[in-house]
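[1] my questions are about this predicted structure, shown below with the sequence.
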Amino acid sequence: MDKYEVLSEYFGHSTFREGQEEIIDAILSGRDVLGIMPTGAGKSICYQVPALMLEGITVVVSPLISLMKDQVASLMQSGIKAAYINSSLTFAQYKEVFRRAYTGRYKIIYVAPERLITDEFTAFSKQMKISMVTVDEAHCVSQWGQDFRPGYLKIADYIDSLPSRPIVAAFTATATSEVKEDIIRLLRLQNPFTMTTGFDRKNLYFGVLKPKDKYTALKSILDDKRDKSGIVYCLARKTVEEVCDRLNRDGFAATRYHAGLSEEERHKNQDDFLYDRRTVMVATNAFGMGIDKSNVAYVVHYNMPANLESYYQEAGRAGRDGSRAECILLYSGRDVMVNQYLIEQREENEELTPQMRRKVKENELEKLKKMTYYCTVGKCLREFMLNYFDEDAPSFCGNCSNCERGFEAVDATETAQRIIACIERLGERNLHFGKTMIIDVLRGVENDRIRRFHLDGLSIHGILHKESAARLRAVIDFMLENGYLKTEGEHPVLYTCERAGNIAAGKERITVRVPVENTVYKSVGEESGIDQELFSELKALRMRLAARLHVPAYIIFTDASLKDMCRKRPTNRDELLRVSGVGAVRADKYGKEFCKLIAAYVSRKR
């Protein structure tokens, strides 16, 4: 079979997505590959299609047990022989996988990085033809990446130990230039074909809310999504526990995941979520990397993460099947301080020199600053995010909270002059403060801290009492982003830059584009053209089959496939094969029951 026949027969697609075909062609020509593709862009197809066409076995290095189980279950449902090797296997299961592998049963074997260099796996690899080594979540090899994993540093040694060098294909969702260089160097990729696909996932709605009460806002978001799967990310384990308990008391089917739970409970809770026994997963960032659950309809960040790489990767776990999904971040200034504290207190990497550790910390603090700008920026959120990843974007996407609310352009020159005067006046007294204190002084707030520093008697105290705190914060954020102000020190205190002198002297005017204030969540609504009654019946049938086969429901058909069935209403195998995501194997396994249901539904509605 050629690549198109493989794509159709096993994966049920008639065309490749952006970047997939070019990567597959490079692999089939024998070249190493580095693919930087956002979550949900179809990275797995890029190595699974050539794995079926190449002679021998493809070894896929994967960081998480859950990812391996998910991928292997999906491949098996598509009629592809695959297996995984990790610590979840019993000794007997471990031996059985090797026995079958020696007989040539598997085309794809997933393995944890730490297992690569064991004597048994090394011996096996030297006796079998390893045609390709695929490194998933390749950013884990880099100490500049957000998920550095020392075991990844051994991958290159494993490859070098093989009798003949296989093709090496590395994939990640996000990578800065430093991380990209690390991946190529540390995995010893040879003249790799590099493909960076667009980061823009148009099916995702991005929103930032600044609510007074985060839990009330969260409940409002989830109220109309009780039958949908979603993830709520929290910074701290304690917050996970509190939010999960409150959601359950309010009637939501929620479960939890964080590193403080026993391994047994983590696995149980994860399975409850994957198998749709629980619709809401409340978790720290310990959950999710590699989770291939296709029907996640929303991701809510209860707290702001430390960098845009993490946020984009975590938010990108929504809408993996291409269905419309929401990514909402609940922001507060306290999130910035908590993240800064965590960065300062993070356990040092002993493998780095003191100079490198200092540079890593400075890099993390700079990333935190960019993340904060995203939450407070006065322009399209999608534009800001794509620009961060060095991608051009229009200034209006129409699918984020800022674009939805609209903007107003305000001449902020006089406000900026007052902000500069306040910072410099306090600096003359050797007093330096962050945004909140500067805003309080300008607005004339009277509290213990203001009185303690005798700031209530200054002429600048209350000079901008008519301005809202949100508007002042927006102007300060604009000035920080554009080099009029800067933050320094262990705590993010404000200082003026040389460029601020032009504003202070009246030589430069600034216009700030400010989003209309809104702290209330508004649902983006259901996709148009979908018969919700038929969709519900198809989901119920899928759930019954999944329970019978002991697999997650989305492994049988994704939500996107069910929605396409609602549009096309197939009543026989040939018509079913024209549905997106339905290949020959799945059509033969499940097609008769789904076509029977659709035929009965159509007849009933006539």
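    Happy to help now that I have it. Keep in mind the model is a prediction, meaning the values are calculated, not measured.

[2] residue 34 versus residue 209, what's the distance?
    36 Å (C-beta to C-beta, to the nearest Å). All C-beta spots, glycine's among them, are computed from the backbone N, C-alpha and C.

[3] next: residue 16.
    From residue 16 to residue 34 the distance is 18 Å (C-beta to C-beta).

[4] who has more neighbours, those two?
    residue 34 (24 against 18; other C-beta atoms under 10 Å).

[5] tell me how far that one lies from residue 58.
    For residue 34, the distance to residue 58 - C-beta to C-beta - is 17 Å.

[6] please apply the same query to residue 425.
    65 Å.

[7] for the two, indicate the residue with more neighbours.
    Using other C-beta under 10 Å, the more surrounded residue of residue 425 and residue 58 is residue 58, with 25 against 15.

[8] so that one, which of the three states?
    Three-state assignment for residue 58 (DSSP: H, G, I helix; E, B strand; the rest coil): strand.

[9] give me the nearest residue to it, chain neighbours excluded.
    residue 51 (3.7 Å; C-beta to C-beta, 6 or more residues apart in numbering).

[10] same question, residue 304
    Leaving out its chain neighbours, residue 304 is closest to residue 335 (C-beta to C-beta, 6+ apart), at 3.9 Å.

[11] list the contacts for that neighbour?
    235, 303, 304 (C-beta atoms under 8 Å, 6 or more residues apart in numbering).

[12] JSON lines for those residues, including distance to residue 271?
    Below are the contacts of residue 335 laid out as JSON lines (distance: C-beta to C-beta, whole Å):
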{"residue": "235", "distance to residue 271": "25"}
{"residue": "303", "distance to residue 271": "26"}
{"residue": "304", "distance to residue 271": "29"}
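
[13] show me the shaky parts of this protein.
    144-146, 289-291, 348-352, 407, 489-491, 514-528 (pLDDT under 70).

[14] report back the residue of it that's furthest from centre.
    Going by C-alpha atoms, centre = their mean, the residue of the chain most distant from its centre is residue 457, 48.4 Å out.

[15] phi, psi of that one?
    With angles defined as degrees, to the nearest 10, residue 457 sits at phi -100, psi 0.

[16] roughly how far does it sit from residue 465?
    15 Å.

[17] endpoint to endpoint, stretch 268-282 covers what distance?
    Start and end residues of stretch 268-282 are separated by 14 Å (C-alpha to C-alpha, to the nearest Å).

[18] can you list the buried residues in that stretch?
    269, 270, 272, 273, 274, 275, 276, 278, 279, 280, 281, 282 (16 or more other C-beta atoms under 10 Å).

[19] kindly report the same for stretch 132-146.
    132-146.

[20] just the residues you listed: which are in strands?
    Counted as lying in strands by DSSP state E, out of the buried residues of stretch 132-146, are 132, 133, 134, 135.

[21] looking at the residues you listed, spot the one nearest residue 420.
    Comparing these against residue 420 with C-beta to C-beta places residue 135 closest, at 49.5 Å.

[22] and residue 594, its phi and psi?
    phi -70, psi -40.

[23] my bad, should have said residue 109
    The phi/psi pair for residue 109 (degrees, to the nearest 10) reads phi -130, psi 120.

[24] quick check: it vs residue 165, distance?
    Residue 109 is 18 Å from residue 165, by C-beta to C-beta.

[25] who's more crowded, the two?
    residue 109 (25 against 13).

[26] got the contact list for that one?
    57, 58, 59, 60, 82, 83, 84, 85, 97, 101.

[27] could you redo the last one with a cut-off of 7 Å?
    57, 59, 83, 85, 101 (C-beta atoms under 7 Å, 6 or more residues apart in numbering).
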